[in-house]
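1. fold the following and give me the result.
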Amino acid sequence: MELETPIENISRIPASYKKRLEKLGIETARDLLFHFPHRYEDFSNIIPIAEVGLDETVCVKGIILEIQNRRTWAKRMFITEAIIKDETGPIKVVWFNQPFLTRSLRSGDNVCLAGKVAINENGLYLSSPIHEKIGKNELVHTGRLVPVYPETEGVSSRWLRYILRPILAELRTKIPEVLPSTILKKEGFLPVSKAIWQIHFPDSSEEAKAARERFSFEELFLLELLVIREKARLKKNKSVPIILDLKTIQAFVKSLPFELTTAQKKVSWQILKDLEKPRPMSRLLQGDVGSGKTIVATMVALNVGSVGFQTAFMVPTEILAQQHFQKVCQVLKNFETSIALLTSKEGKIFLPEWQEAVKAPKKEILEKLEKGEIKILIGTHALIQEGVKFKNLALVILDEQHRFGVEQRAKLCKSAKLIPHLFSMTATPIPRSLALTVYGDLDLSIIDEMPKGRKKIITEIVSPEEREKTYEFIRKEIKKGRQVFVICPRIEVPNGQRNSDWALVKAVKEEYKKLSEEIFPDLKVAMIHGRIKPEIKEKIMTDFKNKETNILVSTSVVEVGVDIPNASVMMIEDAERFGLAQLHQFRGRVGRSIHQSYCFLFTGSSIQLARQRLKALVECENGFELAEQDLKMRGAGDFIGTRQSGIPDLIMSSLGNVKLIEKTRETAKEILAKDFGLKKYPLLKQRLEEFRIKLHLE
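-> Next comes the predicted model:
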């Protein structure tokens with residue numbers, strides 16, 4: 001067995017586990033070894049049975065005197081009962097619905113048990129403890145610091161511990177040491193073969209901490225190396241300088257029905273001046289929900305078109321693409337700029353002389369694009385499909401797609417000789433430590449000011465008892481002519497999960513039925529979610545925008561960018577199921593006009609952390625403050641969405657540690673200053689390439 005041996009070729013792992021492990025990103029023996037625990041259970045203190053106390057979590061050793069199954073007919077449940085004894089006395093042990101235990105545990109077996117002490121009419125007992133037979137081998141699941149891993153259905157931490165130990169014993173000496181010896185010595189890090197063992201099966205909490213520190217440093221160091229090299233590489237590339245057409249920009253600003261904020265003016269100037277340089281711009285524009293990023297993007301695209309070049313404006317969803325198209329057409333109707341919309345399902349073209357957009361076949365749009373007759377192309381990932389060719393693409397604008405890099409840029413400009421400028425936007429304010437690390441290859445621009453005249457959105461946590469009162473308030477708002485968003489975490493309760501926790505989570509289809517038939521039968525209620533066909537989605541959103549619908553029940557499909565100025569109420573079901581950043585995005589769908597707006601967070605959760613997070617949303621209206629809170633409370637993995645970002649969990653858990661980030665960045669700079677090509681460090685260079693591919697940085 002080697003580090004790159006595929007999971008399916010490891011004899012100890014059954015074939016049925018391949019797909020399950022893939023869900024955790026585990027495809028090779030190396031992936032398995034680097035699937036680190038996210039916490040540890042401390043069962044290292046084994047105590048005499050006579051000393052156990054009520055409600056304690058304890059670890060005890062003893063011999064099984066008896067073990068048997070019985071069935072309770074009332075609840076139709078199997079109960080496995082055992083008596084275990086050490087030299088200080090016996091204790092009863094109870095397991096629920098695990099009748100198979102009597103096949104693996106027998107009278108006379110020496111065992112180690114770890115679990116919670118409960119009480120009934122017969123006295124103290126151990127309730128559903130973790131069990132392990134004591135044999136020749138060292139204890140793995142009890143009697144020590146026990147690793148707890150990120151899991152998925154069918155892959156438990158117990159199974160991972162069982163499978164990892166022998167594979168680790170065989171492979172740990174084959175793991176190459178990628179950190180230069182100078183760094184290991186300077187930082188006092190454990191060598192990799194020792195660290196990999198101690199992170200999985202630590203001898204003490206100090207050893208676990210030392211191993212974690214070493215790997216946290218290593219992965220952040222690799223990320224910093226990538227980011228610094230990428231930035232340096234981009235500076236060497238050539239791009240077309242876009243000269244500022246001041247006359248057109250002044251006319252555009254004058255034509256707007258509102259005044260730009262100081263922050264909008266500042267970042268617009270930054271971007272327009274950056275475009276004048278002969279190297280490709282790579283800039284991330286951060287701005288709170290509703291701070292006016294799209295107007296900045298439109299102004300920049302207009303400038304590019306006015307000097308004869310093209311802009312590709314790519315967004316994550318078809319709803320957002322249609323909305324951006326309508327908005328850009330509206331503000332540029334008096335300028336000589338041709339605009340087109342291209343998604344997988346439809347195409348539209350807008351020419352100023354027509355004064356309205358018309359549907360167009362995809363073929364016609366592609367022909368006009370290749371001839372340079374379309375200056376701004378707005379769309380989804382359809383923009384980088386085969387057959388999309390620009391005549392002279394100079395700028396790529398991305399909304400909420402920060403990890404779009406060199407390869408995708410290359411797809412967008414197959415026929416171009418120069419690399420286009422890149423301008424990425426996000427409405428998720430990212431804490432500075434996070435932005436500098438994860439998006440360190442991009443220059444940062446920040447809109448930290450909201451348009452004048454916006455009222456603070458009143459945000460309230462609504463308990464189950466206050467639900468009826470809130471419904472009455474919503475009815476009054478609708479009578480005033482306002483509209484309402486209702487957000488649910490799921491489309492429907494999945495089959496087979498009606499009796500699980502998910503049955504308690506609000507689903508769009510059921511909520512739509514309840515609101516339209518029981519709560520507001522006299523009002524017009526619509527429903528939208530990701531499975532609805534794009535043309536139907538567009539009609540639903542158009543009806544809502546045209547005030548033909550009072551209430552729109554939706555999943556998080558409306559999270560980003562949807563603009564309905566007349567909507568004044570955002571009602572979020574099971575609010576604790578969403579992250580703070582996401583809730584802030586939802587809240588930003590209202591409060592986009594002069595009307596007072598409200599955000600109601602419906603929750604049945606009594607869990608303190610869940611309510612603490614929701615309280616932070618009530619108290620904070622600034623997205624940057626909230627982002628910092630979210631990072632502290634949930635960790636960066638949940639903040640960005642680890643699986644979607646491709647960023648390893650260990651990096652995510654380290655992103656709140658600004659000192660570590662600064663240390664890894666300085667170390668990366670020092671190494672690259674002496675040896676940019678990493679010729680003296682072939683193992684580090686190889687690992688960096690593997691890391692780059694896994695991270696999808698490009």
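
2. SS state for the residue nearest to Glu8 when sequence neighbours are not counted?
-> Excluding the flanking residues, the one nearest Glu8 by Cβ to Cβ, 6 or more residues apart in numbering is Lys18, at 5.1 Å. For every residue, glycine as well, the C-beta is placed using N, CA and C. When the structure is reduced to helix, strand and coil (DSSP: H, G, I helix; E, B strand; the rest coil), Lys18 reads as helix.

3. quickly note the distance from Lys18 to Arg158.
-> Shown here: Lys18 relative to Arg158, a distance of 19 Å by Cβ to Cβ, to the nearest Å.

4. pull out the buried residues from stretch 534-547.
-> Neighbour-count burial for stretch 534-547, counted by 16 or more other Cβ atoms under 10 Å, picks out 534, 537-538, 540-541, 544-545.

5. would you map the helices across the stretch 401-550 of the chain?
-> 406-412, 432-438, 467-479, 508-514, 534-545 (DSSP state H, counting those that start in this stretch).

6. which of those helices has the lowest average pLDDT?
-> Comparing mean pLDDT across the helices of the stretch 401-550 of the chain, the lowest value falls on helix 406-412: a mean of 58.

7. now the helix or strand Gln585 falls within, how far from the centre of its chain.
-> Using DSSP states H and E, the secondary-structure element containing Gln585 is helix 580-587. For helix 580-587, the separation from the chain centroid amounts to 13 Å (computed by Cα atoms, centre = their mean, to the nearest Å).

8. so for the helix or strand just after that helix, mean pLDDT?
-> Next in sequence after helix 580-587, counting helices and strands by DSSP H and E, comes strand 598-602. Averaging pLDDT along strand 598-602 yields 93.

9. pairing partners for strand 598-602, with directions?
-> Strands flanking strand 598-602 in the sheet, each with its direction: strand 458-462 (parallel), strand 567-572 (parallel) (DSSP bridges).

10. quick check: which of those is buried the most?
-> When neighbours are counted by mean count of other Cβ atoms under 10 Å, the highest per-stretch mean among those falls to strand 567-572, a mean of 25.

11. residue ranges in the protein under the pLDDT threshold?
-> Across the chain, the stretches falling below the confidence threshold (pLDDT under 70) are 74-75, 401-417, 428-441, 492-506, 558-562, 605-610, 624, 627-658, 694-698.

12. check which residues of the lengthiest strand in the chain are buried.
-> The strand that spans the most residues within the chain, counting by DSSP state E, is strand 57-72. For strand 57-72, the buried set under the neighbour-count rule, 16+ other Cβ under 10 Å, comprises 58-62, 64, 67.

13. can you tell me which of these comes closest to Asn550?
-> Closest approach between the buried residues of strand 57-72 and Asn550, by Cβ to Cβ: Val58, at 57.5 Å.

14. for the closest one, give me its contacts.
-> Counting by Cβ atoms under 8 Å, 6 or more residues apart in numbering, Val58 makes contact with 47, 52, 114-115, 117, 126.

15. let's go with 6 Å and repeat that
-> If you count contacts by Cβ atoms under 6 Å, 6 or more residues apart in numbering, Val58 has them with 47, 52.

16. what pairs with it across the strands?
-> If you apply DSSP bridges, the partners that Val58 bridges to are Gly115.

17. then Leu377?
-> Under the criterion used (DSSP bridges), Leu377 bridges to Ala312, Ala340.

18. give me the number of residues near it?
-> Around Leu377 sit 28 other residues, with neighbours defined as other Cβ atoms under 10 Å.

19. surely it touches Ala340?
-> Yes. Counting by Cβ atoms under 6 Å, Leu377 does reach Ala340; the two are 5.2 Å apart.

20. quick one on the thing from earlier: can I get the strands paired with strand 598-602 in TSV with distance to Ala357?
-> Formatted as TSV, the entries for the strands paired with strand 598-602 read as follows, by distance: least, Cβ to Cβ, whole Å:
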stretch	distance to Ala357
strand 458-462	36
strand 567-572	24
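
21. to Val508, which of those strands lies closest?
-> strand 567-572 (12.4 Å).

22. report the distance from the closest one to the chain centre.
-> Relative to where its chain is centred, strand 567-572 has its mean C-alpha point 24 Å off (Cα atoms, centre = their mean).

23. mind saving the C-alpha coords of that strand as PDB?
-> The C-alpha coordinates for strand 567-572 follow below in PDB (Å, rounded to 0.1, in the frame of the first residue of the first chain):
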ATOM      1  CA  ALA A 567     -41.100  44.100  -0.100                       C
ATOM      2  CA  SER A 568     -41.000  45.300   3.500                       C
ATOM      3  CA  VAL A 569     -41.200  42.000   5.400                       C
ATOM      4  CA  MET A 570     -38.700  39.100   5.500                       C
ATOM      5  CA  MET A 571     -39.900  36.200   7.500                       C
ATOM      6  CA  ILE A 572     -37.400  33.400   8.000                       C
END
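
24. sweet, I'm off.
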